[in-house]
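S.K.: okay, structure incoming, though there's no sequence with it:
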């Protein structure tokens, strides 16, 4: 949504809903700011994209937790009611995900027991999150993710249940529901697995906390997970590389996506970087003059610093992003792909799904990590690019005695490989550009 969602917004009169239309001169969308809504604090606004459908949003302050942006739907009346509820909840420090569920808000109002294992699921959850926050050694992002996981709608029926009474069968049903919902949303088995694993971990940490803090003489809190193994999955066939034909359709769509999300997906494909390495990349790691990306050891999955040469394909994408960030007096952001000022984007999942929705029947479902597989597959088919060079580009090691004595990556070979990768992607995109130019003539 950019650095300032409500900048250059049009005025909006709720009594004249018919005036809520898309104006082509506004670019990707028209924005309307709603002022004077009684009982609403924060930035209340509506976005109208080319389809003409309005979507209402609220940027609300949550006490002690910063500002959160929430989608309120397409109905003004319902959006106004939700905005009022979120304003009141924010003043009490309640997150939007919790505030929009009345049962969860009611549960938070219950007096907390001295022993979390003797309370309800909602009470134990509240005490656990408060204890984690009080430790002070955990990141805000970790706490936020943990809170979202434990406030998932699949646990709505658990709110008033004594936590000791929750049987393993209920846990299994909830975990399966999380997996099915996530897999259905993105049509991918692997995405459902990840969602289920994260929820499993959060529940296990909650139960462990209750057992450590309370009277667990019977072992009830500890034993619910005792002997239970995290679900194992058959990942055969989940990882894949996109075909040339799929890339021909995908590349122009990625360029048309909202900045900086489409650009981030293009960079992920052109560099074979991992998802989090791309989304949280600061400009300090990028040297456009030297055409390199220096990934520090603390951000690399294998803990090894990695200097990656950049191709013309990637450099041009990064220059476009930089030009977008510096077109006003604010100057470039700290992060290459910033959602708000000095805040990196957290995920590319929704925008990858948006691209897929535009390409139904032309591109099969893929995971963001499959862009890395695709880049590796393309390099593997280019003459002169060895397996060792591909491993160097991917910042991976195979282990074994040969790897043990190989202490230096060959930058010349790496630069040749990523250059060839970039040229290959540009060639796939070129026919589409030619067709577009011919159609314009």
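M.R.: The structure has been received and is ready for your questions. If you're wondering where the values come from, they're calculated on a predicted model, not measured in any experiment.
S.K.: confirm residue 87 sits in a helix?
M.R.: Yes. Secondary structure of residue 87 (DSSP: H, G, I helix; E, B strand; the rest coil): part of a helix.
S.K.: that one touches residue 39, doesn't it?
M.R.: Yes. Contact criterion Cβ atoms under 8 Å: residue 87 and residue 39 qualify, at 6.4 Å. (Glycine included, C-beta is placed from N, CA and C.)
S.K.: low-confidence regions, this structure specifically.
M.R.: For the chain, the stretches flagged by pLDDT under 70 are 1-8, 14-18, 97-112, 136-141, 182-193, 214-238, 329-330, 398-408, 431-441.
S.K.: once you drop chain neighbours, what's closest to the residue positioned nearest the centre of it?
M.R.: When Cα atoms, centre = their mean is applied to the chain, the residue found nearest the centroid is residue 347 (1.9 Å). Leaving aside its sequence neighbours, residue 347 sits nearest to residue 279 (Cβ to Cβ, 6 or more residues apart in numbering; 6.9 Å).
S.K.: picking that back up, pick out whichever of residue 87 and residue 39 has more residues nearby.
M.R.: residue 87 (19 against 11; other Cβ atoms under 10 Å).
S.K.: which non-adjacent residue is nearest that one?
M.R.: Leaving out its chain neighbours, the residue that sits closest to residue 87 by Cβ to Cβ, 6+ apart is residue 41, at 4.8 Å.
S.K.: is it fair to say the one you found lies in a strand?
M.R.: No. Residue 41 is assigned coil when assessed by three-state DSSP, not a strand.
S.K.: contacting residues for residue 67?
M.R.: Residues in contact with residue 67 (Cβ atoms under 8 Å, 6 or more residues apart in numbering) are 42, 59-61.
S.K.: okay, and it sits in which element?
M.R.: Assigning secondary structure by DSSP states H and E places residue 67 in strand 66-73.
S.K.: so what are the sheet partners of that strand and their directions?
M.R.: Strand 66-73 has the following strand partners under DSSP bridges: strand 54-62 (antiparallel).
S.K.: dump the residue contacts of residue 79.
M.R.: Listed by Cβ under 8 Å, 6+ apart, the contact partners of residue 79 are 46, 56, 58, 72-73.
S.K.: where does residue 293 sit: helix, strand or coil?
M.R.: strand.
S.K.: measure the spatially closest residue to it that is not a sequence neighbour to residue 117 for me?
M.R.: Nearest residue to residue 293 in three dimensions, chain neighbours excluded: residue 308, at 4.7 Å (Cβ to Cβ, 6+ apart). Taking Cβ to Cβ, to the nearest Å as the measure, residue 308 falls 49 Å from residue 117.
S.K.: same question, residue 249
M.R.: For residue 249, the distance to residue 117 - Cβ to Cβ - is 54 Å.
S.K.: which residue ranges form the strands in the stretch 201-350 of the chain?
M.R.: 286-287, 292-295, 306-309, 338-340, 343-344 (DSSP state E, counting those that start in this stretch).
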